[in-house]
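Novice: Structure for this input, please:
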Amino acid sequence: MPLDHRRLCGPEESQPPEVWAGAGGFPAEEEESEEASGPRDPCALRPLFVRAGLLSQAEGSAYVELSGGTKVLCAAWGPREAAEPAAGAGQLLCQFRRAPFAGRGARGRPGSAAEREAEREAAAALREALEPAVRLARYPRARLAVSALLLQDGGSALAAALSAAGLALADAGVEMYDLPVGCGLCRGPGPAAPWVLQPGEPEEREASARLTVALLPALNQVSAVLGGGQGGSPDAWAQALSLGLDGCHRLYPVLRQSLLRAARRRHAAAAAAGTGAGTAGAGTA
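Specialist: Predicted structure coming up:
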């Protein structure tokens, strides 16, 4: 039988990786499991890394990474002429995708109906949270597009994607009322379980209620509240909402500083390019 040289032939016999786990394997996963099992302050925010303006192929972009493994990359384009313009205002198109390697363990087949439905729901949630922040009336007969790619799901993925999408739109120069900020919460099983800010993937897996809050901090206006589950009494939900709003206010300066750094980098690059062009022109003359 002829060999297929386009494939990498594996060994005839193989063993599952769990066999080697007891011999000191998977140190990173063991450390993460120990951190997840340790006590955590419910009101504490996870360390955050944000950078805007890192994709040259898009008009605006942003990357958000949360401690624990959540990584989201967003790109924004527009305004561009809409094929079917709406009357009086522009259109905001949102897309949310999960990378095939985004989640740990067993997951659904990539491209399955369940995964496509989850991505559509996340895209609709992004649009619902971003539309109040964008001045769509300034872009009649035009469309704006935002695409969010979840590279790794370590918990609070929708909130991270929301913050990254708003930052990408602002980096693209889109007129906005304010920079939207997203913050996720969850509540574990049990009547005395507290609400936890920016939960990790293990906490979300065991949660009995989830909540994602989107806020325009400068206007102090809530653009979206998305959640569900059995979170207890209405007072408990009100407490969770207050905790989420406080988390958004604390995240806002980090996102704003990232946007300012991206603007300074762009200005410095433009100035350097102008200086180089002027020097070349003087040399030619």
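
Novice: okay, now the residue nearest to G90 when sequence neighbours are not counted: neighbour count?
Specialist: Spatial nearest neighbour of G90, chain neighbours left out: Y139 (3.4 Å); criterion: CB to CB, 6 or more residues apart in numbering. From N, CA and C alone the C-beta is placed, and that goes for glycine too. Neighbours of Y139 under the rule other CB atoms under 10 Å: 21.

Novice: ditto for G69
Specialist: Counted by other CB under 10 Å, the residues lying close to G69 total 17.

Novice: again with T275
Specialist: Neighbours of T275 (other CB under 10 Å): 10.

Novice: other SSEs contacting the helix or strand it falls within?
Specialist: Applying DSSP states H and E as the criterion places T275 in helix 234-284. The elements that helix 234-284 packs onto, with contact taken as 3 or more CB pairs under 8 Å, 6 or more residues apart in numbering; DSSP states H and E, are strand 48-52, helix 157-171, strand 181-187, strand 195-197, strand 209-216.

Novice: contacting residues around the closest residue to D246 other than its chain neighbours?
Specialist: Nearest residue to D246, sequence neighbours excluded (CB to CB, 6+ apart): C43, at 7.8 Å. Residues in contact with C43, defined by CB atoms under 8 Å, 6 or more residues apart in numbering, are 197, 243, 246.

Novice: re the thing from before, pretty sure the residue nearest to G90 sits against A89.
Specialist: Yes. The criterion here is CB atoms under 8 Å, and Y139 meets it with A89 at 7.4 Å.

Novice: Let me see the contact set for G244.
Specialist: 183-185, 197, 211-213, 215.

Novice: where in the stretch 151-285 of the chain is pLDDT low?
Specialist: The stretch 151-285 of the chain contains residues with pLDDT under 70 at 231, 276-285.

Novice: just the stretch 1-150 of the chain next, same as before
Specialist: For the stretch 1-150 of the chain, the stretches with pLDDT under 70 are 1-39, 85-87, 104-111.

Novice: Now with 50, please.
Specialist: 1, 23-37, 106 (pLDDT under 50).

Novice: what about the spatially most central residue of the chain, distance to A238?
Specialist: What sits nearest the mean C-alpha location of the chain, by CA atoms, centre = their mean, is A161, with 1.9 Å. Distance from A161 to A238, counting by CB to CB, to the nearest Å: 25 Å.

Novice: List the neighbouring strands of the helix or strand harbouring S147 plus their orientation.
Specialist: Assigned by DSSP H and E, S147 belongs to strand 142-152. Using DSSP bridges, the strands paired with strand 142-152 in its sheet are strand 71-81 (antiparallel), strand 91-98 (parallel).

Novice: any idea which of these is most buried?
Specialist: Mean neighbour count (mean count of other CB atoms under 10 Å) peaks for strand 71-81 among the strands paired with strand 142-152, with a mean of 21.

Novice: Just the residues contacting that one, thanks.
Specialist: 55, 57-65, 90, 139, 141-152, 154, 157, 160-161, 164-165, 167-169, 171-172, 174.

Novice: Can I get the buried ones among those residues as something I can paste into PyMOL?
Specialist: Selection of the buried residues among these in PyMOL, burial being defined by 16 or more other CB atoms under 10 Å:
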select buried, resi 55+58+59+60+61+62+63+64+65+90+139+142+143+144+145+146+147+148+149+150+151+152+154+157+160+161+164+165+167+168+169+171+172+174
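
Novice: Quick one: end-to-end length of stretch 131-151, please.
Specialist: Distance between the boundary residues of stretch 131-151 (CA to CA, to the nearest Å) amounts to 24 Å.

Novice: Tell me who's in contact with S223.
Specialist: Taking CB under 8 Å, 6+ apart, one finds 128-133, 180, 214-216 in contact with S223.

Novice: what comes up buried for the helix or strand hosting it?
Specialist: S223 is part of strand 221-229 when elements are defined by DSSP H and E. The neighbour-count check on strand 221-229 (16+ other CB under 10 Å) flags 222-227 as buried.

Novice: which of these sit farthest apart?
Specialist: S223 and G227 (14.3 Å; CB to CB).

Novice: related to what we said a few turns ago, dump the strands paired with strand 142-152 to TSV, plus distance to A263.
Specialist: As requested, the strands paired with strand 142-152 are exported to TSV (distance: least, CB to CB, whole Å):
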stretch	distance to A263
strand 71-81	15
strand 91-98	23
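
Novice: Pretty sure C43 sits in a helix.
Specialist: No. C43 is assigned coil when assessed by DSSP: H, G, I helix; E, B strand; the rest coil, not a helix.
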